[in-house]
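S.K.: the following block contains a protein sequence and its predicted model.
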Amino acid sequence: MSATLRVVHYLNQFFAGVGGEERSDHPVSARPGPVGPGVLLDKILGEDAEVVGTVFAGDGLFAENEETCAAEALAQIMDFSPDLVLAGPAFNAGRYGLACAAVCRAAEEAGIPVVTAMHPENPGFPAAGTSVHTVSAADSAVGMEEALEAAARLGLKLARGEKIGSAADEGHLPRGIRYNEIAELPTSRRAVDMVLRKIKGEPYQTELDVPTLEEIAPPEPVADPKKARIAIVSEGGMVPPGNPDRFSGSRNGNWATYSFEGKDALPGGTFISIHGGFNTVFVNEEPDRMLAVDAFRRLAVEGEIAELHDDFLSTCGNGGAFVEMDGIGRAWAAELKKTGVEGVVLPAT
Amino acid sequence: MSMRLEMGLFPVSRIITGKRFGYKDETLTVDADELRELALEGGDLKDVRFDAAVPGDSARITNVLDAVEPIYKVSGRSCAFPGFLGPAKTAGEGRTHKLAGMCVISSTRFLGPMTGIMTFREGIIDMSGPGAVHCTNSETANLVACYEPLEDASNEAHDDAVRLATLKIASRLAERTAELEPIRLETFELGDVDPDLPRVVFVDQVMHQASMVQTFMYGKNLGDSLPTLIHPNEMLDGAVVGANYKTQQKAPTYLHCNMPLVYELYRRHGVDLNFAGVIITRGHHDNQALKERSGHYVAKLATLLKADGAVLAFEGGGNSTVDYWLTVQALEQMGVRAVPIIYEVGRPGSGEFPLVFHVPEADAVISKGMQGERIDAPAVERVIGSEVVEFYNGKRVNTREAFTLIDSDYYANEWAKDINNMVGKDY
């Protein structure tokens, strides 16, 4: 028979019974055994596990000193040699949720299985990140027992190193990461089932809840192009022949700076496109049809722009992951700001 | 006019390349010399040789272009694959014989220069092992035609020649069953049903971008096409032929002729829905205006059909995702409830954004999972096609040996996910 699992419970000062908002500066403290809702948790855990200690702190103190409080909480947690850290439930208390998230992240980095519970709208849920499991809780303490039961069930599986299934199967909140599974019903059957439910006005559940993308408002036009230095950037996979920085034609994460200093136009052979998503024949014959150096040099001569920046920033956007492309865009903005560029042209592919 | 199609099925689970045609106990014997002569009669191919592989074999098929299930029109107005093998008369009625559960697979190489999108993307079929579930046609008995190109053939001309030869071979094989009694007979007819049943259309978005990435309907690619309405029986008779060699997204002709949504809507026609028809629409229009025009055309056709709902399938990558979601949006705006099936672009476990484009109207999405799983492909006893292949990322691999690849390097991977019921789930 396996040994009883050792669970450490994290609470805020209110649930630990040391006072309300007036004590929200309470320092990180520990007590052996369960405290407050920990008594119920201990009962729910049954014979397989026990609450060996409780660590708690004031939410106000934690919010103002998150890093040091999390480190302190972790040190006190480790004194109990835990097999699992269970934080909360924090319901919809924002500062408490953020503290639970910070404690869980710290404990997880130290190699301890963790689980927390809070309302889906608690800011602590996104703060917990993609590796911490958060079970759903009501927005107030009326949902205490239900949340503790869900957290205990998932926490024990995590502590035992069991395989954790999908959010729907395990009852935790989706963490923004997805995996493939084999569905019980054929793809086409699920599609027809869902359209019939939609037509009849019956409830239906999408299989892909698409997160909302940040809306990017177009920036104001350059105030006076005649006085502006303009840079060209490209996600069209434009590289010197030989592709020295080894860009990939799809799902590429690299970027590089190349120069057209001293060139009034880009004849064939100066740059090539290694982009895998469009017909590159014409761009390879005449790279200016992507980068338009000939046109911008002429605009500079005619005084329509002050000058063309001699370097261009290049990547390949085909199949690029949002997060990587977002990072490249930000890096480019920082790079160009250093050089005094006032306007950027990004030709579409 | 009622369109009634009788499909006489001759199941095939074993293929022998021999000297004369034979069909007995699900075993097909082919006359390889006859088929070679047929393939080479136009003078557009240097040579062809045949090999066979069935599910469970320790075999790997490389350089795969298309997979075609053999069909032949025993009676009816049109031929099989109309527009290619005969006049583009409306298919889908009369009687068709099919060698069911087998495919003629075209495998070849291209000698001309390849760049950008017009690059042939290596497609691999594993007949057994962990990769089998990640490609289509690991579940069919396959007669593989390995074509040698003429030295001076352009890639486009060679592609045309291979396609025509493969369709001819497939149709000839099924023609040999014309006098035989089918093992099973299925009838496809959209008969009158309870008018109160909800009317559902199937919107099939196929790929057209350039040579190597295109789809044909009645012998012509969909380059300048508008969305159009067809009867599902036309698809069963080969009105839609695939020629998209972006292997991770491609729908083989075999699937155009066996669309899971066509069978599902037929199965439920008169039971809990009324199958109102199929709208074929191309993806990857060149600009936003054309994408919008296309989406609204689909929605208009659906409303002319008095459709209450639409189920949508999709062949394509990032760019054509925009066409797809704009179509969903237009359908919903016109009051047609839409359910699209989509693969996700975020890699498993990565937390990456799952789509390149999205509309809020798409609130009922069917996922067929995400690409990006690493697969350890074992060594095999036999490679049909080139043993050494070059993958899209430039990596050269001897495919007889064990190697690692990404699921999307397998042949028609997005459709393998569909027919193997893969789904993406939140974790």
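M.R.: Received, thanks. Numbering: from 1, shown residues only, chains lettered A, B, ... in the order given.
S.K.: okay, and for the chain, where does confidence drop off?
M.R.: In the absence of a named chain, this looks at chain A. Residues of chain A meeting the criterion pLDDT under 70: A:1-2.
S.K.: hmm, I had chain B in mind actually
M.R.: Scanning chain B with the threshold set as pLDDT under 70 gives B:1.
S.K.: centroid residue for it?
M.R.: By C-alpha atoms, centre = their mean, chain B has its centre lying nearest to B:P252, at 2.4 Å.
S.K.: show me what whatever residue of the stretch 301-427 of chain B ends up closest to chain A is bridged to.
M.R.: Going by C-beta to the nearest C-beta, chain A is nearest to B:D426 of the stretch 301-427 of chain B, at 3.4 Å. Yep, even glycine has a C-beta here, placed from its N, CA and C like the rest. Assessed by DSSP bridges, B:D426 has beta-bridge partners A:R178.
S.K.: I figured it was touching A:G165, is that so?
M.R.: No: assessed by C-beta atoms under 8 Å, B:D426 is found out of contact with A:G165, at 10.6 Å.
S.K.: count the residues that sit near B:L164.
M.R.: The number of residues packed near B:L164 is 18, by other C-beta atoms under 10 Å in any protein chain shown.
S.K.: distance check, it against A:P225.
M.R.: Plainly put, B:L164 is 55 Å away from A:P225 if you go by C-beta to C-beta, to the nearest Å.
S.K.: partners of the helix or strand harbouring A:T315 in the sheet?
M.R.: Assessed by DSSP states H and E, A:T315 sits inside strand A:311-315. Its sheet considered, strand A:311-315 pairs with strand A:229-234 (parallel), strand A:255-259 (antiparallel) by DSSP bridges.
S.K.: can I see the domain layout of chain A?
M.R.: Listed domain ranges for chain A are A:5-170, A:225-345 (source: automatic domain parsing).
S.K.: show me where the stretch 1-150 of chain A has strands.
M.R.: With DSSP state E, counting those that start in this stretch as the criterion, the stretch 1-150 of chain A has strands at A:5-12, A:29-32, A:49-57, A:84-87, A:114-118, A:133-136.
S.K.: let me redo that: the stretch 51-200 of chain B
M.R.: Under DSSP E, counting those that start in this stretch, the stretch 51-200 of chain B gives strands at B:59-61, B:64-68, B:71-75, B:94-100, B:102-108, B:125-126, B:141-148, B:184-189, B:199-207.
S.K.: select, out of these, the one closest to A:T212.
M.R.: strand B:199-207 (24.1 Å; C-beta to C-beta).
S.K.: got the buried residues for the helix or strand that the closest one is followed by?
M.R.: Past strand B:199-207, further along toward the C-terminus, the next helix or strand under DSSP H and E is strand B:213-217. Within strand B:213-217, the residues scored as buried using 16 or more other C-beta atoms under 10 Å in any protein chain shown are B:V213, B:Q214, B:T215, B:F216, B:M217.
S.K.: ok, back up a step: surely the residue nearest to the centre of chain B and B:S106 touch.
M.R.: No: judged on C-beta under 8 Å, B:P252 makes no contact with B:S106 at a distance of 9.8 Å.
S.K.: which neighbours do those two share?
M.R.: The overlap between the contact sets of B:P252 and B:S106 (C-beta atoms under 8 Å, 6 or more residues apart in numbering or on different chains) consists of B:D66, B:A67, B:V68.
S.K.: among the residues you listed, which one sits closest to B:T115?
M.R.: Once C-beta to C-beta is applied, the member of the shared contacts of B:P252 and B:S106 that ends up nearest B:T115 is B:D66, at 22.0 Å.
S.K.: want to throw the buried residues of strand B:213-217 into a markdown table with distance to A:D264?
M.R.: Shown next, in a markdown table, are the buried residues of strand B:213-217 (distance: C-beta to C-beta, whole Å):
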| residue | distance to A:D264 |
| --- | --- |
| B:V213 | 35 |
| B:Q214 | 39 |
| B:T215 | 43 |
| B:F216 | 45 |
| B:M217 | 47 |
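S.K.: the strands of the stretch 51-200 of chain B into TSV, with extra columns for distance to chain A and mean neighbour count?
M.R.: Shown next, in TSV, are these (distance: least, C-beta to the nearest C-beta, whole Å; neighbours: other C-beta atoms under 10 Å in any protein chain shown):
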stretch	distance to chain A	mean neighbour count
strand B:59-61	23	26
strand B:64-68	18	29
strand B:71-75	21	21
strand B:94-100	18	24
strand B:102-108	20	27
strand B:125-126	18	28
strand B:141-148	22	24
strand B:184-189	16	14
strand B:199-207	6	26
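S.K.: and those strands: which comes nearest A:P37?
M.R.: Relative to A:P37, the nearest member of the strands of the stretch 51-200 of chain B by C-beta to C-beta is strand B:199-207, separated by 50.7 Å.
S.K.: packing partners for that closest one?
M.R.: In terms of contacts (3 or more C-beta pairs under 8 Å, 6 or more residues apart in numbering or on different chains; DSSP states H and E), strand B:199-207 is packed against helix A:187-200, strand B:213-217, strand B:240-244, helix B:260-268, strand B:274-283, helix B:288-304, strand B:309-314, helix B:318-333.
S.K.: and if we set it to 7 Å?
M.R.: In terms of contacts (3 or more C-beta pairs under 7 Å, 6 or more residues apart in numbering or on different chains; DSSP states H and E), strand B:199-207 is packed against strand B:213-217, helix B:260-268, strand B:274-283, strand B:309-314, helix B:318-333.
S.K.: tell me which of the domains of chain A is the most buried.
M.R.: Highest mean neighbour count among these (mean count of other C-beta atoms under 10 Å in any protein chain shown): domain A:5-170, with a mean of 20.
S.K.: how about the contacts made by B:E373?
M.R.: By C-beta atoms under 7 Å, 6 or more residues apart in numbering or on different chains, the contact set of B:E373 is A:N180, B:P348, B:D407.
S.K.: buried stuff in the longest helix along chain B?
M.R.: Determined from DSSP state H, the single longest helix within chain B is helix B:155-175. Under the neighbour-count criterion of 16+ other C-beta under 10 Å, helix B:155-175 has B:155, B:158-175 buried.
S.K.: the one residue in the stretch 51-200 of chain A that gets nearest to chain B: how many residues sit nearby?
M.R.: Here the stretch 51-200 of chain A gets closest to chain B at one residue, A:P174, 3.4 Å apart by C-beta to the nearest C-beta. Residues lying near A:P174 (other C-beta under 10 Å) number 17.
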